[in-house]
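>>> Okay, predicted coordinates and the sequence, questions at the end:
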Amino acid sequence: MSMMSGRSGFISAVVILMLGGCAILPHTHSVAPSQQEVVLTGQMDDMMEFYESLRKLSATELSRVYDKVKQNFVQNKSDANRTRLVLLLIMPGTSFRDVTSALYLLNEWPREAKTFNHLLSFRNLLAGQLTEQQRLSSSVEELSQKLRDEQKRVETMQNQIDAIKSMEKNLLREQP
């Protein structure tokens, strides 16, 4: 369930981002997209291609890519390196999956004036999804613990019932 909810949450986020780009906007007389918009679109495309390529890798290959991306981020804390590291940290079913670290990287993302609204929106979307995922995981863990406790209580009560039944049978056998 965790793997599916993580994957479906990410896929939902991507679909929402793509659909947001399909909204009808009032016609403006801009000549061409600014260089900043082209860079942003290119970065988002690169990130989505990067994520898709990750999904096709084996566990060993993913670990190697994770080590390389982590090293790149330590050397250069660019938005692209940060995003690649976050995408790796939220990959379901990996040994290095760490939602807490991914959230930290998202929340500590530099809030500079040169950062674009869409990239900030993507960061906010991922942070919101991961925060909700953590909350739900915590709830599942809490409920699982309650279920284990309840199962132990039921088992104890069943043992007591069995002991009482056994005592009744013994009493009935002993009476003439």
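Perfect, I can see it now. The structure displayed is predicted, hence computed values, not measured ones.

>>> Run the chain-centre distance for the lengthiest helix in the chain.
Determined from DSSP state H, the single longest helix within the chain is helix 117-174. On the basis of C-alpha atoms, centre = their mean, to the nearest Å, helix 117-174 sits 22 Å off its chain's mean C-alpha point.

>>> looking only at pLDDT, what's the mean for it?
Averaging pLDDT along helix 117-174 gives 90.

>>> For Ser53, give its distance to Ser137.
Distance of Ser53 to Ser137, given as C-beta to C-beta, to the nearest Å: 27 Å. Backbone N, C-alpha and C define where each C-beta goes, glycine included.

>>> Which one's more surrounded, those two?
Neighbours of Ser53 and Ser137, each counted by other C-beta atoms under 10 Å, are more numerous for Ser137; the result is 14 against 11.

>>> number of nearby residues for the nearest residue to Leu105 once chain neighbours are set aside?
Among residues not flanking Leu105 along the chain, Val86 sits closest, at 5.2 Å (C-beta to C-beta, 6 or more residues apart in numbering). Other residues lying near Val86 total 24 when counted by other C-beta under 10 Å.

>>> so Val86 is in which element?
If you go by DSSP states H and E, Val86 is part of helix 79-89.

>>> relative to helix 117-174, how tilted is that helix?
For helix 79-89 against helix 117-174, the angle by axes from the mean of the first three to the mean of the last three C-alpha atoms, to 10 degrees is 10 degrees.
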